[in-house]
Structure formats: C-alpha cells, structure tokens
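Q: one predicted model, sequence on top.
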Amino acid sequence: MGKGRDINRLLKPLERCSLQSYLGTGLHTLGLLSWIIGQTGPADVYVTTFSTSDAFLRGFLNLKKKNLLLKTILLADLKASKKTYRLYKEMQSCFDAVYLAKNHSKVMLVQNDRWTVTVISSQNQTYGDRAECTVVTTSQEVFYQQYCGIKDIVDNQSIQLNGLFERITQQNSRPLFSTDSPTGDFRIIGY
C-alpha cells in the first residue's frame, strides 16, 4: 500500500465484523480489494467509479492474472470519457465488460459461493492523499441492493465500451483530399 497505513490496523477481518467503516487517509481501493480477496478467495468483482487510473488497472490486472478475480465488470462515468479513452485498452484487458453511464458512485462488490462483500467509498480508483470515507459490509441485503442498482444502470442507462471507440473512429473517419497529397488522409472527428 505504499505510504498507506497497514489495512489490518484500520479494519477487522470480515469474519469478525460484518459492518465497518473508516474515514481518513491511506486506505486505497486496490489495497482494500487485495485485502478482501485474501479473505474470500477468488471472486466475481463489480466496480463502479467516476474515474480510474493506470496504477489501479495494473494492480487489478495482476490480481486477475493470479486467477483471484473471476467475472469482472466496470461501470465508469461517461463524462470522464476523455480519460477513459486513454485507458480503454487497459480497462478491456482487466474487465470482462466495461460500461459508461452518468455515474458518480464508487462501489465495489465482491462475491463468490461463500461471501458477498460490499464496499461503498468516496474514493475513485485513483491514488491521492485526501481523506476518504469507506464502508465495508458483508450484508447480503446491502450487496443485493447495490447489485440491483448497478444492473439497472448497466441494462437501461449505459453503453458498453468494448469496441466502442473503434466503432466511433470508423464512423467518424472520412477521407480528406487535398492538393498536397493525391492519396488523401483521414481525419478523426471528435477525438
């Protein structure tokens, strides 16, 4: 966790505490995910965020390569799509499906045959030194409520990223002919 604090001093093991929270600095989403997966074992992971980062995606991919993350879904904000565009290939290598929608939530759901863990946080999947608020619960009711909310946004209010930028680029490219070049070139509109 780098400069962060030892997570075991901030939070109790999931088996001992079904609802816990933390407000302060040093607790980052990727470290929290690793801590949870260390207790649950391999699991499906659903992540919602306004913004993500290279560092989070690299760490997430490392967990996936270790077969600790099974089914993975990301719901990111459409407004942050400029950053999303720069990171979309990394996102697609990390997540089975990536969706864009009007989203400001920061939720992480971790589920397998034994566990349902919900993390609700003020933190994006980025790193910083600001104080953040995080709630961790193993309540099945809370998990189900958050899952239904994510499913509704994905099903009714989002677009799937997988291949989106390639399709937009193909649709918006048009030949640009000039007297300087007899073969012309292509101009991408909007990017």
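A: Cool, the structure landed.

Q: give me the number of residues near the closest residue in space to residue 59 that isn't next to it in sequence?
A: Using CB to CB, 6 or more residues apart in numbering and skipping residues adjacent in sequence, the residue nearest residue 59 is residue 30, 4.3 Å away. C-beta: built from backbone N, CA, C; applies to glycine. Residues contacting residue 30 under the criterion other CB atoms under 10 Å number 20.

Q: now residue 114, nearest residue through space, not along the chain?
A: That would be residue 40: by CB to CB, 6+ apart, it lies 6.9 Å from residue 114.

Q: an error on my part: the question was meant for residue 107.
A: Spatial nearest neighbour of residue 107, excluding adjacent residues (CB to CB, 6+ apart): residue 48 at 4.6 Å.

Q: for that neighbour, what are its contacts?
A: Counting by CB atoms under 8 Å, 6 or more residues apart in numbering, residue 48 touches 74-76, 103, 105-108, 150.

Q: at 10 Å what do you get?
A: Shown in contact with residue 48 (CB atoms under 10 Å, 6 or more residues apart in numbering): 73-77, 99, 101, 103-109, 120, 124-125, 146, 149-150, 153-154.

Q: then residue 39?
A: Contact analysis of residue 39 by CB under 10 Å, 6+ apart lists 13-15, 110, 115, 117, 138.

Q: what about the helix or strand hosting it, distance to the chain center?
A: Assigned by DSSP states H and E, residue 39 belongs to helix 29-40. Centre-to-centre, helix 29-40 and its host chain are 14 Å apart (CA atoms, centre = their mean, to the nearest Å).

Q: tell me the helices and strands packed up against the longest helix along the chain.
A: Across the chain, the longest stretch assigned as helix under DSSP state H is helix 140-157. The contact analysis (3 or more CB pairs under 10 Å, 6 or more residues apart in numbering; DSSP states H and E) places helix 140-157 against strand 43-49, strand 69-77, strand 97-101, strand 107-111, strand 116-121, strand 132-137.

Q: so which of these is the most packed in?
A: strand 43-49 (a mean of 23; mean count of other CB atoms under 10 Å).

Q: could I get the average pLDDT for it?
A: Strand 43-49 shows a mean pLDDT of 96.

Q: thanks a lot, catch you later.
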